[in-house]
Structures are given as C-alpha cells and as structure tokens.
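[1] here is a sequence together with a model predicted from it:
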Amino acid sequence: MRRNLWLLDLTLLIGVVVTGFMLRQRWVESLRREEALLRQIVPPGPPPALPGIPLVGPVTPSSYLEVAQMMLFSRDRNPNVILDPPPPPPPPPVMPPLPVSYGMMDLGLGPMVILAEKPGAAHHSYKPGDKIGAFKIVAMNTKEIMFDWDGQLIKKTLDELAEKKSTVAYNTPPQDQAGAAAAPPAAPQTTAIGATKGPIEVDMGNQAKACAPGDATPAGTVEGGMRKVVTKSPFGDVCRWEPVR
C-alpha cells in the first residue's frame with residue numbers, strides 16, 4: 001500500500017517537473033520572438049505625392065466688381081436701384097350730408113321735389129337730372145328719390161330726407177290731479193286765411209314761384225309783376241305765381 005502511494009507521489013512529481021519545464025520553454029520562446037520583432041526594421045514607404053501649387057492669374061478690374069458693389073460707405077456704386085415704396089392710397093371720400101326735403105309737387109310737367117343743401121338753407125325745386133351740392137338726382141317718384149354721388153346710387157324716401165325738428169322737454173311742476181281735471185282745455189290756435197299772400201322764394205321752373213301758405217287772393221291777381229294762376233290737378237288746386245308777360 002505504501003509502495004503504491006510512493007509511486008503515485010513520484011508520478012505526480014515527475015508531471016509537475018515536466019509541466020514546469022514546458023512552461024519555461026514556451027516563455028523563453030516568446031521572449032525570443034518579441035526581441036526578434038523589436039529588432040526588425042520596417043523599411044519606410046514612398047512619400048505621398050503633393051498637388052502642384054495653382055497658378056495665380058493676372059489681376060483684372062472686373063474681379064473687384066463685387067467688392068465695389070458691396071462697399072458700405074458708397075451705396076451709389078450698387079447698380080441695383082432701391083425704389084421707394086409707393087405711397088399709401090388716399091382714404092375714400094366721405095359722403096356729405098344728404099339734402100333736406102320740403103315736399104314734392106307735380107304741375108303736369110313731371111314730379112319736382114323741393115330740396116335744400118342743409119337745414120335752414122335756401123330751398124328750390126329740382127327735377128331728375130339736376131344737381132344739388134355733390135349729389136345728382138337720377139330718378140324720383142311721389143315717395144322716393146335716387147341720388148348719384150361719386151358713382152354710388154343712394155335711394156332715400158321723402159320721410160328720411162325731411163328736416164328733423166328737435167324737441168325739447170321742459171320739466172313742469174306737478175299739478176293736482178283734481179285741479180288738472182277741472183282746468184278748461186286750451187283754446188285751439190286759429191290762423192286767419194289770407195294772413196299771408198303773394199309768392200314765396202320757391203322756384204317752380206320757368207320763373208314761376210310757389211304760393212305762400214294760406215294765400216287767399218283770387219286767381220288772376222297781379223302783384224309785383226307776378227300773376228296768380230290756379231290750376232286743377234288730381235291732388236287738388238295747384239297755386240303758383242307767374243311773371244306777367
């Protein structure tokens with residue numbers, strides 16, 4: 001038994017010695033290869049070919065054209081003329097106030113309307129085609145008038161063109177209801193017929209003038225070189241004063 005153990009130990013010892021020898025041989029061989037590699041001289045390769053230097057052409061004035069055009073201190077050298085922006089368009093015209101209407105009449109020669117350029121101004125009679133201020137009368141009937149202003153057609157009724165009377169409210173002290181009921185009603189105001197006579201400054205065409213309201217002079221009366229003429233129409237009597245010829 002002990003003999004077998006000695007043989008086993010001897011065999012293991014021989015294996016360790018042989019393994020150590022083989023490892024040392026490989027280590028020595030690796031050192032030799034390393035030294036041989038380090039001592040080896042690598043021949044240098046040929047140098048790379050360098051490109052040739054480009055030839056510089058002769059200097060010409062045209063080559064400095066861009067430099068001259070881009071010069072900040074002399075903008076007039078730039079051939080590109082910078083135009084000023086166009087001016088803004090003018091604002092659209094504002095329409096003036098429409099004429100004021102004082103009524104319409106028809107004496108058999110077509111309707112005529114009595115207009116004034118503004119409230120309180122002199123009023124005259126107009127027919128289609130006439131101009132009053134900035135407006136031109138295009139057409140009319142017994143209720144409506146069509147104007148032309150700056151190429152625009154404006155259609156208005158006589159009520160819309162009538163002069164607006166301003167009303168002022170007055171503060172009155174409160175009264176007793178019984179006293180107010182007992183107070184007699186105010187007598188209506190009457191206007192004497194014939195209190196006003198003669199023509200008024202309303203041109204009816206052909207130098208004729210309209211009669212004043214409440215004119216009670218008989219037809220054929222001559223006054224101030226004017227003769228009173230009364231004609232019948234579907235709307236009643238039409239009164240006017242014509243020059244005596």
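    Nice, thanks for sending it over. As the structure is a computational prediction, the values presented were derived from the model and not from experiment. Numbering: from 1, shown residues only.

[2] what's the single longest helix in the protein?
    Taking DSSP state H as the criterion, the chain has its longest helix at helix 2-39.

[3] can you give me how far it is from the chain middle?
    Chain-centre distance of helix 2-39: 105 Å, with CA atoms, centre = their mean, to the nearest Å.

[4] ditto for stretch 97-117
    Using CA atoms, centre = their mean, the offset of stretch 97-117 from its chain centre is 36 Å.

[5] between the two ends of it, how far is it?
    8 Å (CA to CA, to the nearest Å).

[6] can you list contacts of it?
    118-119, 121-128, 132-133, 135, 137, 140-142, 145, 147, 154, 156, 158, 161-163, 202, 204-205, 210, 231, 233, 235, 238, 240 (CB atoms under 8 Å, 6 or more residues apart in numbering). Using the backbone N, CA and C atoms, a C-beta is placed for each residue, glycine as well.

[7] buried sites along that stretch?
    With burial defined by 16 or more other CB atoms under 10 Å, the residues of stretch 97-117 counted as buried are 98-102, 104-105, 107, 112-117.

[8] if we can go back for a sec, in PyMOL, how would I select just the buried ones from the contacts of stretch 97-117?
    Filtering the contacts of stretch 97-117 down to the buried ones (16+ other CB under 10 Å) takes a single PyMOL command:
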select buried, resi 123+124+125+126+132+133+135+137+140+145+147+158+161+202+204+210+238+240
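
[9] so of the contacts of stretch 97-117, which ones are in helices?
    Leu158, Leu161.

[10] how near is Tyr126 to Ile154?
    15 Å (CB to CB, to the nearest Å).
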